[in-house]
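Asker: sequence and predicted model, in that order:
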Amino acid sequence: MKLSNRVLNRTLLARQHLLERSELTVAQMCDHLIGLQAQDVPPPFVGLWSRIGEFDPASVSEGLDNRSLVRITLMRGTIHLVTPPDALRIAPHIQPGLEKVPFRKGFNYGAMVGLDPEEVRARGEEVLGDEPMAAAVLREHAAELYPDRDPGAVVQTWLYQLPVLQTPPRGRWRDSSRPVWSRVQPWLGAPLDPSYPLEELLLRYLRAFGPATTMDMQTWSKLTGIKPAVSRLGDRVRTYTDERGRTLYDAADAELVDPDTPASVRLLGWYDNAILSHQDRTRIVPYGAAPPLRAFATNVAPILVDGYLSAVYKIFPAGETARLRISPRAEWSAADRAAVEAEAHALLSFLEPDLSPSVEVLVPGSDLRP
C-alpha cells in the first residue's frame with residue numbers, strides 16, 4: 001500500500017499529539033514520545049504546552065526534584081527529558097557510541113589523544129563519586145589531575161565516558177542554572193539495564209514517529225544495527241511504500257490518519273523531535289528542504305500551519321514587553337494569519353505572563369532580529 005505525503009503528515013501529527021492536545025500526564029507523554037529534546041531549558045516546556053491540555057509547568061519541576069523525570073544524554077548525543085525507566089534502558093544503547101568520541105583526533109583538536117581511556121574513566125568516576133557536582137568543580141579537579149591538558153576537554157570526556165545525568169536546579173520551570181551532573185546509579189538508585197532490546201525501542205519509535213524507513217530510525221537514534229532489529233520484530237510490524245517507492249515500517253496495530261483531518265496551528269520549541277527525527281522530513285517540512293540544525297539554534301523555533309513547517313519565530317523579552325517575532329516562508333491567508341497570531345499570544349501568556357505581549361508577523365523570509 002502506497003502512502004501519500006499527506007497521510008504521513010497527519011499520522012505523524014496525531015502520534016505526536018499535535019493535532020489535538022492530549023490528556024496524558026507529563027510522564028506519560030515523555031514515555032510515549034521517548035523523551036522530549038531538552039538541550040536547552042525552555043523547549044521541553046513549549047513542547048509539552050503544545051501537546052497537553054491544561055499543562056502545568058510546575059509538574060516538570062516537581063518531577064525533576066522527586067526524580068520521576070530526568071535530563072540525560074540519549075538520542076543523537078543530546079539531552080532528553082525522560083522517565084527513569086527510559087534513562088536506565090536506553091542509555092546502554094547510546095553509551096558505547098558516546099564513549100568513543102573523546103579519544104578521536106577530531107575531539108577538541110586531539111586534546112585527549114595519548115591518554116589511557118580506562119585510566120581517565122576511573123579518575124572521572126572517582127571525582128564524581130555519589131553526589132551531584134557542578135561543571136565548574138569538575139573543571140577544578142580536571143585541572144589538578146591533568147595539568148597539561150585542557151580541563152574543559154577532560155570534563156567533556158568524563159561526561160561522555162560515564163553514564164551521567166543533569167540534576168536540578170537546571171531544567172526547572174524558568175530556571176536556566178548551569179548544569180550539575182550526577183552519575184546515573186547514585187541519583188536513580190539503580191544501575192543501567194542493558195537487557196532492553198533495540199527492536200523494542202524501534203517499535204516505540206514507530207508508534208510515536210511512524211510509519212518510517214530504517215534510515216529515519218537511524219537519523220532519530222544515531223544507532224547502528226537498525227535493519228536486523230526491525231527484522232526481529234517479525235509480524236509486529238507491517239510495511240508500506242511512500243510516494244518515492246521506499247519501504248516504510250509501522251507497528252502492525254498502529255492506525256493511519258485521514259489526510260483530510262484538520263491540523264491546528266502549533267508553535268514548537270527549538271530542536272523539537274517532530275521536526276528532526278526523520279532522514280526525509282518532507283512529511284512535515286515542505287519543499288523537501290530539511291532545515292539545518294543551525295536554523296533552529298539560538299532560540300529560533302518552528303511554526304506549523306496546516307501541519308507543515310510554515311514559519312520560524314523567536315521571543316525577545318525587553319523591559320516590560322515580550323516580543324514574539326515571526327518570519328513566514330510565504331504569505332498566509334487571513335484565517336491562517338489570525339490563527340498563528342492567536343496561538344502566539346497564547347504561548348506568550350504561558351512563557352511570559354508578567355510581560356506585555358507583542359506579536360509581529362514579518363514579511364516572508366525576513367530576519368527575525370529586530
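Answerer: Right, received. Where do you want to start?
Asker: pop the domain breakdown of the protein in here.
Answerer: Using automatic domain parsing, the domain ranges for the chain come out as 34-188, 294-361.
Asker: what comes up buried for the lengthiest strand in the chain?
Answerer: Longest strand in the chain, counting residues (DSSP state E): strand 308-318. For strand 308-318, a neighbour-count test (16 or more other Cβ atoms under 10 Å) marks 308-315 as buried. The way it works is simple: take the backbone N, C-alpha and C, and place the C-beta from them, glycine included.
Asker: follow-up on the earlier one: and of the domains of the chain, who's closest to residue 227?
Answerer: domain 34-188 (15.5 Å; Cβ to Cβ).
Asker: how many residues are close by residue 358?
Answerer: Using other Cβ atoms under 10 Å, residue 358 has 16 other residues around it.
Asker: same thing with residue 144?
Answerer: 10.
Asker: pretty sure it belongs to a strand, no?
Answerer: No. Applying DSSP: H, G, I helix; E, B strand; the rest coil, one finds residue 144 to be helix, outside a strand.
Asker: show the pLDDT at it.
Answerer: Note on residue 144: pLDDT of 97.
Asker: residue 287 too?
Answerer: Residue-level pLDDT assigned to residue 287 equals 73.
Asker: next: residue 100.
Answerer: 88.
Asker: rewinding a little: can you show me the CA trace of the longest strand of the chain as CSV?
Answerer: Only the C-alpha atoms of strand 308-318 are listed here, as CSV (Å, rounded to 0.1, in the frame of the first residue of the first chain):
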residue,chain,number,x,y,z
TYR,A,308,3.7,21.8,7.9
LEU,A,309,6.6,24.0,8.9
SER,A,310,5.5,27.3,7.6
ALA,A,311,7.5,29.9,9.7
VAL,A,312,10.0,30.4,12.4
TYR,A,313,9.7,32.5,15.4
LYS,A,314,11.8,33.9,18.3
ILE,A,315,10.9,35.6,21.5
PHE,A,316,12.7,38.8,22.5
PRO,A,317,12.0,39.9,26.1
ALA,A,318,12.8,43.5,26.6
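Asker: avg pLDDT for the next helix or strand after it?
Answerer: Using DSSP states H and E, the next helix or strand after strand 308-318 towards the C-terminus is strand 321-328. Across strand 321-328, pLDDT averages out at 96.
Asker: next, the buried residues of strand 321-328.
Answerer: Neighbour-count burial for strand 321-328 [16+ other Cβ under 10 Å]: 322-328.
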